[in-house]
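> Quick one: sequence and predicted model below, then my questions.
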Amino acid sequence: MRIDKMLANLGYGSRKEVKDLLKSGGVKVNDTVVKNGKEQVNPDTDTVTLHGEVIEYKEYIYLMMNKPQGVISATEDHYEETVVDLLELEDAVFSPFPVGRLDKDTEGLLLLTNDGQLAHQLLSPKKHVPKTYFAVIDREVTEDDVLAFHEGVTLDDGYVTKPGKLKILKSGIRSDIELTITEGKFHQVKRMFEAVGKKVVYLQRISMGPLKLDENLELGEYRELTEEEITMLRETKPK
Ligand code: URA
C-alpha cells in the first residue's frame, strides 16, 4: 500500500496535509525518512513512525468506555462535551462513533467503533441484543414490578415494551436493581420505571450482549477490546 494512502486511511489528514506531513520529513519507514507519498509499505512487516512514534495500521478500532455522567453519546456537538472528546488523538483518528446512546446522566459501558457493520448488527432491533443496567430507584421496588416488567409495561407514548428481566438487589425506601432489556427505545429504562410510578435516580449500563463493563476502567477511561471480545460480539446471535 502507498504510504500516503496508509496515512490518509488512518486519519492523518487530507491528501494535501499528508503530502505536507511527508515533505516535513517526520515520517520514517524502517528508520529511513520517506518523503515520497508513492512509496510502498507493508503495514504488517514495515515499521512506520511519525515524529518517532510508531503508527499502528488497522482498519477498525473497538473501544470499551466507562462513560461518565455529563458527556453526550455523540461524535461532535457545538455545546456539549462528547464521548469522542474523551479519546486520545491516536484513537480519535480512526473516527469511532458510539454504538447506541446512553443519556447524558447515564454511566457505564459504551462501545465505540468505526466498524459500521458490527454496529448495525448490535443495534438491529431484530437481533434483540440484551443490555443490562444497574439502577437506583427512588422508592421500593416490588415483586409486582418484576411481574409487570416480565409482561411488558406501557410507556408514556402507548408503546408496550418487550419483556424485561428485573432483579431486585436491595429493596427499601431506595432500591437497587438490575434490569435486562432487549430493546433500545429512547430513555427506555427511565420510562419503564415511570410506567410503574417510580423514578430512576442513578443509571449505569453494565453489559451489552456478551460484553461486560471492565471494572478496572475508571469513569471516563476506555480500552481496546480484546480479540476474544471482538469475536464474541461478532458472533452475537439473535435471541
Ligand atoms: N435507558 C435510559 O433510560 N437511559 C439510558 O441512558 C439507557 C437506557
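Sure, I can see it.

> mind listing what K165 touches?
Contact analysis of K165 by Cβ atoms under 8 Å, 6 or more residues apart in numbering lists F149, H150, L179, T180, I181. Any C-beta I mention is one placed from the backbone N, CA and C, and that applies to glycine too.

> from these, which is closest to L112?
Each of these was scored against L112 by Cβ to Cβ, and I181 proved nearest at 21.1 Å.

> Let me know how buried the closest one is, in neighbour terms.
The tally of other residues near I181 (other Cβ atoms under 10 Å) stands at 22.

> got it, and S171?
The criterion is other Cβ under 10 Å. On that basis, S171 has 16 neighbouring residues.

> Name the nearest residue to D156, sequence neighbours excluded.
Computed as Cβ to Cβ, 6 or more residues apart in numbering, the closest residue to D156 that is not its neighbour in sequence is R191, at 6.2 Å.

> I misspoke; the intended subject was T47.
Nearest non-adjacent residue to T47 (Cβ to Cβ, 6+ apart): N30, at 5.5 Å.

> So the residue nearest to D156 is in contact with L155, correct?
Yes - assessed by Cβ atoms under 8 Å, R191 is found in contact with L155 at 4.8 Å.

> intersection of neighbour lists for these two?
With Cβ under 8 Å, 6+ apart, R191 and L155 have common neighbours K185.

> domain ranges for this protein?
3-54, 62-125+211-234, 131-208 (automatic domain parsing).

> re earlier: which secondary structure elements does whichever strand or helix holds the residue nearest to D156 sit against?
Element membership of R191, judged by DSSP states H and E, is helix 188-195. Contacts defined by 3 or more Cβ pairs under 8 Å, 6 or more residues apart in numbering; DSSP states H and E place helix 188-195 against strand 131-137, strand 175-181, strand 200-208.

> Would you map the strands across the protein?
27-29, 32-33, 48-50, 53-54, 62-67, 97-98, 107-113, 131-137, 165-170, 175-181, 200-208, 211-212, 222-224 (DSSP state E).

> and E178, how many neighbours?
Here the number of neighbours of E178 (other Cβ under 10 Å) works out to 15.

> okay but it is in contact with P130, surely?
No - with contacts defined as Cβ under 8 Å, E178 does not count as touching P130, sitting 11.6 Å away.

> what stretches of the protein score poorly on pLDDT?
237-239 (pLDDT under 70).

> what does it have sitting close to the ligand?
Contact residues of the chain with respect to the ligand, defined by Cβ under 6 Å from any ligand atom, are listed as L102, D103, T106, H187, Q188, V189, K190, L203.

> at 8 Å instead, please
Taking Cβ under 8 Å from any ligand atom as the test, the list of the chain residues beside the ligand reads 101-103, 105-106, 131, 133, 181, 184, 186-192, 200, 203, 205.
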